[in-house]
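Peer 1: I would like the atomic coordinates for the input below:
(one chain, ligands or ions: 2)
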Amino acid sequence: MAGRRRVRDVLSELGVDPDTVLVIRERTLITPEERLDDDDEIEIRPVISGGAPRERRGAMKCKRCRGAAVIEVRRHNAAFCGPCFEHHFREQVRRAIKSHDMMGRDDRVLVAVSGGKDSLALWDVLLDMEYRAAGLYLGLGIGDYSDRSGLAARAFAGERGAELVEVDLATEYGFDVPTAGRKGSRSTCAVCGLSKRYVFNRVALERGFDVIATGHNLDDEAATLLGNTLRWDTAYIARQSPALPGREDGMVKKVKPLYRLSELETAAYSFLRGIDYVVEECPLVAGNTQLRYKEAMNTIESRSPGTKAQFFLGYLDRAAHLFTTEDDASLSPCEECGQPTTGRFCAFCRARAQVLGRKLGEPASERQIAGELSEEVLPAEIYGG
Ligand code: AMP
Ligand code: ZN
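Peer 2: Numbers count the residues shown, from 1 in each chain. Ligands and ions are numbered 1, 2, ... in the order given. As a prediction, this is how the structure comes out:
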């Protein structure tokens with residue numbers, strides 16, 4: 001585009017919300033107030049989808065040191081230079097860990113890494129803060145996307161000399177996510193989520209990790225809370241804590257140390273730290289309801305910065321206690337795999353049997369089947385008999 005133009009105007013012309021992209025010129029981040037020359041080449045790197053353009057003027061200065069800013073965080077009404085932004089990022093993680101008692105210095109932390117910006121940023125910041133953090137990469141078998149994700153996770157581990165545990169769903173369990181989506185009764189995203197939760201917990205248990213950390217960020221948590229609230233799914237709302245305690249009977253503690261940071265912030269942090277992450281989204285996620293909730297939140301956020309944080313952080317401060325219930329379900333080992341479950345067979349083994357066209361053991365009694373059926377809809381044909 002010709003003429004010296006502000007990045008913001010260029011983005012606006014393209015119909016792009018500045019809060020949803022990183023703008024990179026000659027390998028450095030630039031803010032929306034920066035001006036572009038005719039022959040400047042910029043990369044507009046998406047961090048989230050959806051949104052609407054907005055207006056604002058004046059050059060941006062770092063809130064901490066008054067130097068030239070590279071990133072604007074509208075929610076805090078602030079902009080930061082690179083080093084001060086990294087400081088801000090670490091502070092938010094420190095605060096998250098402290099206020100939810102997520103992990104201690106001696107804990108062995110298993111960071112679930114997808115190869116994307118959030119989980120690699122998380123692993124990086126935990127290593128930087130000198131926690132004992134190993135990575136876990138789960139190969140989901142989603143074509144090129146999974147290949148690139150695995151490479152990014154391995155490259156990061158190699159560079160930092162950190163331990164990476166790898167599990168391949170197809171090798172270990174005989175199916176991949178696209179197949180499970182086609183053959184099972186669950187949606188692709190549901191069976192993928194189920195597999196991740198199962199493998200994370202199992203690996204942590206078997207290898208003696210104290211806590212599992214995932215890269216869920218503020219946008220993820222706000223969108224999930226919006227979805228749960230629209231359905232008034234009170235059981236899920238109650239479980240949306242950034243730290244779920246472990247249980248003696250086989251559930252490992254789970255934490256989300258990035259819950260105070262937006263998707264834009266995790267992308268900027270990864271970029272500034274030189275982390276080579278996979279930019280593309282999972283190709284199977286298109287049209288996913290979670291994405292629609294994110295878009296809806298972004299539309300509101302672009303007009304009223306801070307809404308997402310108020311919604312989710314406000315929930316934690318003032319509403320979460322209204323939803324908590326006694327967790328009195330007793331867990332026993334799955335008859336197929338030995339992992340903790342409330343029924344005879346865990347949800348993962350049931351889904352797997354269905355995808356592989358196998359039958360699990362004989363049902364113990366009609367009553368027990370009825371109980372398991374009401375726990376979640378599942379086809380009776382996966383039971384023998
Ligand atoms: P998602 O479910 O894709 O929104 O990812 C949420 C979190 O799960 C990420 O931030 C990671 O911590 C973790 N995760 C996602 N995909 C993988 C994977 N293939 N291997 C290990 N961890 C993953
Ligand atoms: Zn099982």
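Peer 1: Flag every residue of the stretch 201-350 of the chain that's near ligand 2.
Peer 2: Within the stretch 201-350 of the chain, the positions near ligand 2 by C-beta under 5 Å from the ion are 334, 336-337, 339, 346, 349. For glycine as for every other residue, the C-beta is placed from the backbone atoms N, C-alpha and C.
Peer 1: Run through the stretch 1-150 of the chain and note the low-pLDDT ranges.
Peer 2: 48-58 (pLDDT under 70).
Peer 1: which residue does it bring closest to ligand 2?
Peer 2: residue 138 (16.4 Å; C-beta to the ion).
Peer 1: Helix, strand or coil: sort out that residue for me.
Peer 2: Using DSSP: H, G, I helix; E, B strand; the rest coil, the structure places residue 138 in strand.
Peer 1: Which of the residues of the stretch 201-350 of the chain next to ligand 2 fall within helices?
Peer 2: Of those, the ones assigned to helices by DSSP state H are residue 349.
Peer 1: Any chance of the residues of the stretch 201-350 of the chain next to ligand 2 in TSV with neighbour count and pLDDT as columns?
Peer 2: Putting these into TSV (neighbours: other C-beta atoms under 10 Å; pLDDT from 0 to 100) gives the following:
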residue	neighbour count	pLDDT
334	22	96
336	18	96
337	15	96
339	20	96
346	23	96
349	23	97
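Peer 1: Grab the nearest non-local neighbour of residue 341.
Peer 2: With sequence-adjacent residues excluded and distances taken as C-beta to C-beta, 6 or more residues apart in numbering, residue 341 is closest to residue 334, at 4.6 Å.
Peer 1: list the contacts for that neighbour?
Peer 2: 340-341, 344-346, 349 (C-beta atoms under 8 Å, 6 or more residues apart in numbering).
Peer 1: and the nearest residue to residue 34 once chain neighbours are set aside, what does it touch?
Peer 2: Distances taken as C-beta to C-beta, 6+ apart place residue 7 nearest to residue 34, at 5.0 Å, with adjacent residues excluded. Residue 7 makes contact with 18, 23, 30-36, 42 under the criterion C-beta under 8 Å, 6+ apart.
Peer 1: Can you tell me how far residue 7 is from residue 210?
Peer 2: Applying C-beta to C-beta, to the nearest Å, the value for residue 7 to residue 210 is 44 Å.
Peer 1: Same check on residue 124?
Peer 2: In terms of C-beta to C-beta, residue 124 sits 20 Å off from residue 210.
Peer 1: Compare these two (neighbour count), which wins?
Peer 2: Legend: neighbour count by other C-beta atoms under 10 Å for residue 124 and residue 210, higher for residue 124 (22 against 16).
Peer 1: Any part of the helix or strand where the more buried one lies near ligand 1?
Peer 2: Per DSSP states H and E, residue 124 falls inside helix 117-128. Yes - judged by C-beta under 6 Å from any ligand atom, helix 117-128 comes into contact with ligand 1 at 118-119.
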